[in-house]
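any chance you could fold what I've pasted below:
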Amino acid sequence: MTSADGGPPASPLLAVVDELATRLQLSLRYAHLDEHPRFPWEEFRSLGAHGLLGLTLSPALGGHGVPLPEAGHVLRRLAYRGGTAFAKLALQPEFSSVLAEHGSPALRKEYFAPLMAGKVLVANQITEPGAGSDAGSIAMTAERRGAIYVLNGTKSQAAFALDAQAAIVYARTSPSDRPGGLTAFLVPQELSGVRRATIGDLGERWMRRGTVEYANVEVPEDHRLGEEGRAFDYLKGELTRERALLAAIYLGVGRASWEETVTFVGERTTFGKPLAQQQAVAFPLVEDGAHLDATWLYVQDVLQGLQQGDRRSGRASLAKWMATEVALRVIDHAIQFHGGRGYSREFPHEQRWRDVRSGAIAHGPSEIMHLVAARELWPRPSTTSGA
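Okay, the predicted model is just below:
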């Protein structure tokens, strides 16, 4: 994998990724999971056994403590070698960091430790039919009744709707219409009153997203994660890190398509001369390479800032937006310049395009990413009493 990024850090994990990608044939499995969607338990366990789950989480939480910039290199390599699926799997403990940081020791032992080993799958359930990026519109309720909470409501667009053994569920424990009224719970998905169904997706089909309904589901008090009403505060830091790391993943698959297209264009002859000599093809590919490198440098800078304590979410939001935009353009060119065969399943570009396309929506749509960045440029005036 080549790039103008000053070279990868000296990390033994890059060699681990390459060995696993070759031995497990991750690129072929990536295509197979698209045609036959299911959760890849074998690969998940292999990622755990080789230290590729929970890369950035603190060793105190059972993670590996890999610095964010180095983790970005590892995730980009995973995506480059095996598509978005296995790179996103590597991030699943990060997606569940609220459990690691705020769950009881018993919950961490029962769910988070096995998650780190790739033996248990914990999902996140935030989105609802009437609430996406607007967390203040979440309608699911959690009514406290003595030592239990009773959950009622519906979560939609939930990843791993059929496959997760447990989910971090965000529900309203106060009548407030603001994010401050939200509380997180670790909910085993086999509890009475939980009903799960899948939907058909354009891409990322292996996640088997769907709808999860909660009808008078009784959750023990000790399954609450942290304090009542604090869930949104816990989630904000997690989302910031995730968005910057997801950017690395999208750039990985974009670079794979770009390199494959550069090779193809250099070998293909049309109208008596190499396709690479057609400026209409060569110039966009030259620009794509520059955009990939420039965006990767920005993502690395964002990750380095986060590692050093910069918690501004706007830069991470823009990193995800930039990476999805660039990767989609690069992969679209790959489809175009491979001709009719590019618009088929013969090449991996169409699957990569569909999977990256989800990145402009999931974990915060691109429009919201701009809003987050704008609010940091022009902060809202304080509305506190006496201000």
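
quick check: the gap between H32 and I249.
Using CB to CB, to the nearest Å, one gets 19 Å for the distance from H32 to I249. Where you see a C-beta, it was placed from the backbone N, CA and C, and this is true even at glycine.

ok, now H338?
With CB to CB as the criterion, H338 and I249 are 23 Å apart.

do the same with L303
From L303 to I249 the distance is 12 Å (CB to CB).

show me which of these two is the more surrounded one.
Set L303 next to I249 and count neighbours by other CB atoms under 10 Å: I249 wins out with 29 against 26.

list the buried residues of the host helix or strand of the more buried one.
Using DSSP states H and E, I249 sits in helix 231-267. For helix 231-267, the neighbour count (16 or more other CB atoms under 10 Å) marks 231-232, 234-235, 238-259, 261-262, 264-265 as buried.

what are the ranges of the helices in the protein?
12-23, 26-35, 41-49, 68-82, 84-90, 92-95, 97-102, 105-107, 113-116, 231-267, 279-307, 313-337, 349-357, 366-377 (DSSP state H).

need the contact list for the closest residue to A323 other than its chain neighbours.
Leaving aside its chain neighbours, A323 sits nearest to A247 (3.6 Å; criterion: CB to CB, 6 or more residues apart in numbering). By CB atoms under 8 Å, 6 or more residues apart in numbering, the contact set of A247 is 295, 299, 302, 316, 319-320, 322-324.

hmm, 7 Å instead?
299, 319-320, 323 (CB atoms under 7 Å, 6 or more residues apart in numbering).

try T270
T270 neighbours (CB under 7 Å, 6+ apart): Q278.

partners of it in the sheet?
Beta bridges link T270 to K273 when assigned by DSSP bridges.

now it: how far from G342?
Using CB to CB, T270 is found at 14 Å from G342.

how about the contacts made by the closest residue to P67 other than its chain neighbours?
In this structure, P67 finds its nearest non-sequential neighbour in Q307, 5.3 Å apart by CB to CB, 6+ apart. Counting by CB under 7 Å, 6+ apart, Q307 touches 67-69.

one more time with 10 Å, if that's ok
Contact analysis of Q307 by CB atoms under 10 Å, 6 or more residues apart in numbering lists 56, 67-72, 241.

how far away is it from R195?
Remark: distance between Q307 and R195 (CB to CB) = 42 Å.

quick check: R205 touching A31?
No. If you go by CB atoms under 10 Å, R205 and A31 don't touch, sitting 11.2 Å apart.

higher neighbour count, these two?
Higher neighbour count among R205 and A31: R205, with 20 against 16, using other CB under 10 Å.

which ones are touching the more buried one?
R205 touches 33-38, 85, 198, 351, 354-355, counting by CB under 10 Å, 6+ apart.

same deal with G146?
Contacts of G146 (CB under 10 Å, 6+ apart): E221.

ok, it to P220 distance?
10 Å.

cool, and P59?
Counting by CB to CB, the gap from P59 to P220 is 29 Å.

tell me which of those two has more neighbours.
Between P59 and P220, counting by other CB under 10 Å, P220 is the more crowded of the two (13 against 9).

what bridges to the closest residue to that one other than its chain neighbours?
Excluding its sequence neighbours, the residue lying closest to P220 (CB to CB, 6+ apart) is I148, at 5.8 Å. For I148, the beta-bridge partners are R145, P220 (DSSP bridges).

isn't I148 right next to H223, touching?
Yes. Between I148 and H223 there is a contact at 9.1 Å, judged by CB under 10 Å.

in terms of neighbours, single out the busier of those two.
Neighbour tally, I148 and H223, criterion other CB under 10 Å: the higher count belongs to H223, 21 against 16.

leaving out the residues flanking it, which one is nearest to that one?
Nearest to H223 is L186, by CB to CB, 6+ apart, at 4.8 Å.

ok, T141 - contacts?
Taking CB under 10 Å, 6+ apart as the test, what T141 contacts is 149-153, 171-175, 214.

swap in 7 Å and give it another go.
When the contact criterion is CB under 7 Å, 6+ apart, the partners of T141 are 152-153, 171-172.

same check on H32?
Listed by CB under 7 Å, 6+ apart, H32 has no contact partners.

read off the pLDDT value for it.
pLDDT recorded at H32 is 97.

okay, now the nearest residue to G193 once chain neighbours are set aside: neighbour count?
Excluding its sequence neighbours, the residue lying closest to G193 (CB to CB, 6+ apart) is V217, at 4.0 Å. Other residues near V217 come to 24 when the count uses other CB under 10 Å.

pLDDT below threshold where in the chain?
Under the criterion pLDDT under 70, the flagged ranges of the chain are 1-10, 176-179, 382-387.
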